[in-house]
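1. Build me a model from this:
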Amino acid sequence: MKNLIHIAGKEIQEGLRNRWVLATTLLLAALALSMSFLGNAPTGSTIGSNRLDVVIVSLSSLTIFLIPLIALLISHDAIVGEMERGTMLLLLSYPIGRKQVILGKFLGQLTILAFATLFGYGSTAVVLALTGRGIDAASWLALLSLIGSSVLLGAVFIAIGFFASTIVRERSTAAGIAIGIWLLFVLIYDMALLGLLVFDQGQMIGTTLLNMLLLINPTDAYRLLNFGTGGAGALTGMGGVAGTTTLSAGTITLALGLWTAIPLGLSVLIFSRKEL
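-> Below is the predicted model of the structure:
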C-alpha cells in the first residue's frame, strides 16, 4: 500500500510539473461557469426547468467529449513513455512490483482527473447557490451524480489508455490508438447505433438487446446515468431511451466499473509478462 501511495504521489507531482492539473481544472471550471452564466437562463425559463438542470445537461454533453479525451491524453503514454525514456527500468530497480506500478500510476492519474472535475463542476454549484435561485433536492443529487459519474467515466478511459500503453512499444502508436478509441466510443459508435435503430424500426431490437448495445459503450452508459432520469433527463432524448430499457442506476454503474477493471486488469497481466 505504501508503494502504491508513493507511485501515485509521483504521478501527481509529474502532473503538476506538466501543468495537467491546472490546465484541466481551469478548462472544466471555465466551461462550467460559462454554462452557468451564459448558457441556461433563457432555456430554463422557457421550458420550466430550474437552472441547475439545464447546466447539468450542458455539462454532461461536454463531459462525454472532454473527459474521455483528457483521460486518454494523460494515460496513453503512462507505461510506454517511461519505457522509451528508460525510467521504467530505474523505477523497477526499487522493491516495487509491476502490478504496483500500474495501480499506483492509475490512482495518481485518477486523482488528478477527479480533482479537476470536482473543482471545475463544483464551482457551478457554488455560483448557483450564491444566486439564491430555487433549486430542489433532486437537482442537487443530479449534480452529485454528474460529478461522480464523470470521475467514473474518466477512470474507464484512463484504464483503456493504460491498456493501449502496455501493448505497444512506441508513444506515437499509443497516441494513434488513443485517438481511435476516442473517435470510436464518442462519435462512431453512437452514429452507427442510431442508424441501426432507425433502420430496425423496433422490429428486431428488443429491450434486452438494446440494453446490451448501450452498455457496450461506456459513454452511452454515462448518458443514461445523467440524462435518463429526473428533471435533467426530461430535457434530452435520453429520457425516452431510458424509458424503453430495464437498466437500473446500479447496473449501469456496475457496467462502468467493469469497463474500468477489465482493461486495468489486462494491463497488469500484459505488463507483468512484458520484456523491457
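2. So Glu11 is in contact with Gly108, correct?
-> Yes: proximity of Glu11 to Gly108 meets the contact threshold set by Cβ atoms under 8 Å, at 2.7 Å. Placement of C-beta: from N, CA and C, glycine included.
3. How much space separates Ala175 from Lys274?
-> Distance of Ala175 to Lys274, computed by Cβ to Cβ, to the nearest Å: 19 Å.
4. Counting neighbours, go ahead and name the busier of those two.
-> Using other Cβ atoms under 10 Å as the criterion, Ala175 and Lys274 rank with Ala175 on top: 18 against 14.
5. Which helix or which strand is home to that one?
-> Secondary structure from DSSP states H and E places Ala175 in helix 171-183.
6. List the buried residues for that helix?
-> Of all the residues in helix 171-183, those buried under the rule 16 or more other Cβ atoms under 10 Å are 171, 174-175, 177-178, 181-182.
7. Stretch 193-210 too?
-> Residues 193, 205, 210 are the ones in stretch 193-210 that count as buried (16+ other Cβ under 10 Å).
8. How far off centre is that stretch?
-> 26 Å (Cα atoms, centre = their mean, to the nearest Å).
9. Stretch 68-78 too?
-> Computed by Cα atoms, centre = their mean, the separation of stretch 68-78 from the middle of its chain amounts to 11 Å.
10. neighbouring contacts of it?
-> 15, 20, 24, 105-106, 109, 112-113, 116, 153-162, 164-165, 171, 174-175, 177-179, 181-182, 185-186, 219 (Cβ atoms under 8 Å, 6 or more residues apart in numbering).
11. where are the low-confidence patches of the stretch 101-250 of the chain?
-> For the stretch 101-250 of the chain, the stretches flagged by pLDDT under 70 are 132-135, 202, 227-245.
12. quick check, nearest of the buried residues of stretch 193-210 to Pro95?
-> Set against Pro95, the nearest of those by Cβ to Cβ is Leu193 (47.8 Å).
13. Could you find the closest non-adjacent residue to that closest one?
-> Of all residues beyond its chain neighbours, the one nearest Leu193 is Leu213 (6.0 Å), with distances taken as Cβ to Cβ, 6 or more residues apart in numbering.
14. List the residues that contact that neighbour.
-> 193, 205, 220.
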